[in-house]
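A.B. asks: I would like to see how this sequence folds:
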Amino acid sequence: MLMRRFEEVEHTADLAIRVRGRTLAELFANAAYGMAAQLVVPGEVAATVTESIDLRAQDAEALLVAWLSELLYVGERHGCVFTEFDMLEVGDARLRATVRGGPVGEYLGHIKAVTFSELHIARRDDGFETMVVFDA
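C.D. replies: Numbers count the residues shown, from 1 in each chain. Take a look at the predicted model:
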């Protein structure tokens with residue numbers, strides 16, 4: 001069965017998505033894709049920019065926030081949105097990935113920050129699930 005990458009969630013904050021993945025690496029990639037889909041139509045982004053990401057954090061939740069925040073920062077620096085994610089290593093405290101994305105003609109929205117609000121990575125029978133809340 002094909003697992004949905006993410007779904008938008010009604011939230012009192014500006015924007016939230018619920019994310020699932022069979023593995024922690026897939027959860028992180030799906031969260032990044034879900035964030036990108038709030039900014040652009042991912043299929044319309046030509047992947048012309050490649051970046052390597054290497055992060056450490058105290059736990060998986062802090063690592064997820066650092067990962068998504070880094071994608072926003074590097075994307076802003078290059079004037080692009082990342083839509084493709086090769087997760088090389090994802091653990092509770094370390095992430096290494098290669099990401100690809102490209103310039104955007106028109107943004108669907110804007111994300112100012114990734115928050116820790118309601119963030120908890122839960123293990124499920126079929127993998128992992130979390131909710132990510134963005135300050136838009």
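A.B. asks: all contacts plus neighbour counts: C-alpha atoms, from now on.
C.D. replies: Noted.
A.B. asks: relative to Met131, how far out is Gln38?
C.D. replies: Per CA to CA, to the nearest Å, Gln38 is found 14 Å from Met131.
A.B. asks: low-confidence regions, the protein specifically.
C.D. replies: 1-4, 10-13 (pLDDT under 70).
A.B. asks: where is the longest helix in it?
C.D. replies: For the chain, the helix with the greatest residue count under DSSP state H is helix 60-78.
A.B. asks: flag every buried residue along that one.
C.D. replies: 60-72, 75 (16 or more other CA atoms under 10 Å).
A.B. asks: reformat the residues you listed as JSON lines; add distance to Ala47.
C.D. replies: Shown next, in JSON lines, are the buried residues of helix 60-78 (distance: CA to CA, whole Å):
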{"residue": "Ala60", "distance to Ala47": "27"}
{"residue": "Glu61", "distance to Ala47": "28"}
{"residue": "Ala62", "distance to Ala47": "27"}
{"residue": "Leu63", "distance to Ala47": "24"}
{"residue": "Leu64", "distance to Ala47": "23"}
{"residue": "Val65", "distance to Ala47": "23"}
{"residue": "Ala66", "distance to Ala47": "22"}
{"residue": "Trp67", "distance to Ala47": "19"}
{"residue": "Leu68", "distance to Ala47": "18"}
{"residue": "Ser69", "distance to Ala47": "19"}
{"residue": "Glu70", "distance to Ala47": "18"}
{"residue": "Leu71", "distance to Ala47": "14"}
{"residue": "Leu72", "distance to Ala47": "16"}
{"residue": "Gly75", "distance to Ala47": "12"}
